[in-house]
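>>> My questions are about this predicted structure, shown below with the sequence.
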Amino acid sequence: MQGTVGSPPESSSIRAFAALSLLTPYRASVRDVGPALDYAPEATHLIVRNLGFGEPDDFAIWDESSAKKVAAARKAHVIDLTPLKPRIAAALDNANMTYHAGVDAPLLGIADRSRLRTWIDANTATLYGVRGILGMTDE
């Protein structure tokens with residue numbers, strides 16, 4: 001029997017399923033992790049702390065939450081995405097430009113283009129490190 005919208009497929013039909021939760025220091029994002037964990041308990045869960053919203057110690061609501069305890073019990077993976085300077089993100093957004101296009105754009109100064117490249121490289125490495133968790137291969 002197939003699952004319906006809003007319910008996970010039956011376990012026997014799942015070959016590989018990964019759930020992704022984006023986390024900020026705010027209660028709303030922490031609150032959303034619990035239902036994601038409950039949606040498909042057998043899934044691999046990846047929780048992404050977006051450090052663009054704060055330093056690691058700003059995630060106190062997450063650190064003290066029952067959702068974090070459930071995530072640990074289910075062996076969820078937690079990664080951190082590094083912050084990008086807001087002026088860089090705002091300039092790219094205003095120009096409707098991708099991060100990768102911004103690396104070569106005269107819109108940004110040399111220093112900001114260098115910061116953007118460093119940010120892309122760091123976060124690409126982080127995401128590359130969890131490619132197996134997400135069922136991705138190097139092919």
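Perfect, I can see it now.

>>> Tell me where the chain has helices.
Per DSSP state H, the chain carries helices over the ranges 27-39, 60-63, 66-73, 86-94, 99-102, 110-129.

>>> CA-only coordinates of the second one, as CSV, when you get a sec.
Okay, so that is helix 60-63. Below are the C-alpha coordinates for helix 60-63, written out as CSV (Å, rounded to 0.1, in the frame of the first residue of the first chain):
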residue,chain,number,x,y,z
ALA,A,60,20.5,27.0,23.5
ILE,A,61,16.9,26.3,22.7
TRP,A,62,18.0,23.4,20.6
ASP,A,63,20.6,22.3,23.1
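
>>> Next, the buried residues of that helix.
By neighbour count on 16 or more other CB atoms under 10 Å, the buried set for helix 60-63 is 61-62. Using the backbone N, CA and C atoms, a C-beta is placed for each residue, glycine as well.

>>> swap in the fifth one?
For helix 99-102, the neighbour count (16+ other CB under 10 Å) marks residue 102 as buried.

>>> which outside residues touch it?
Applying CB atoms under 8 Å, 6 or more residues apart in numbering, the external contacts of helix 99-102 come out as 84, 88, 91-92, 108, 113, 116, 119-120.

>>> One more: the fourth one?
Where contact means CB under 8 Å, 6+ apart, the residues beyond helix 86-94 that reach it are 52, 98-99, 101-102, 105, 107-108, 112, 115-116, 119.

>>> What are the buried residues along it?
Neighbour-count burial for helix 86-94 flags 88-89, 91-92 (criterion: 16+ other CB under 10 Å).

>>> remind me which residues of this protein are low pLDDT?
Along the chain, the parts satisfying pLDDT under 70 run over 1-16, 139.

>>> what do you get if the cut-off is 50, keeping everything else the same?
In the predicted model of the chain, residues 1-5, 12-14 satisfy pLDDT under 50.

>>> domain parsing for it?
As given by automatic domain parsing, the domain ranges for the chain are 17-83, 85-126.

>>> Could you single out the most deeply buried of these?
Most buried of these, by mean neighbour count (mean count of other CB atoms under 10 Å): domain 17-83, with a mean of 16.
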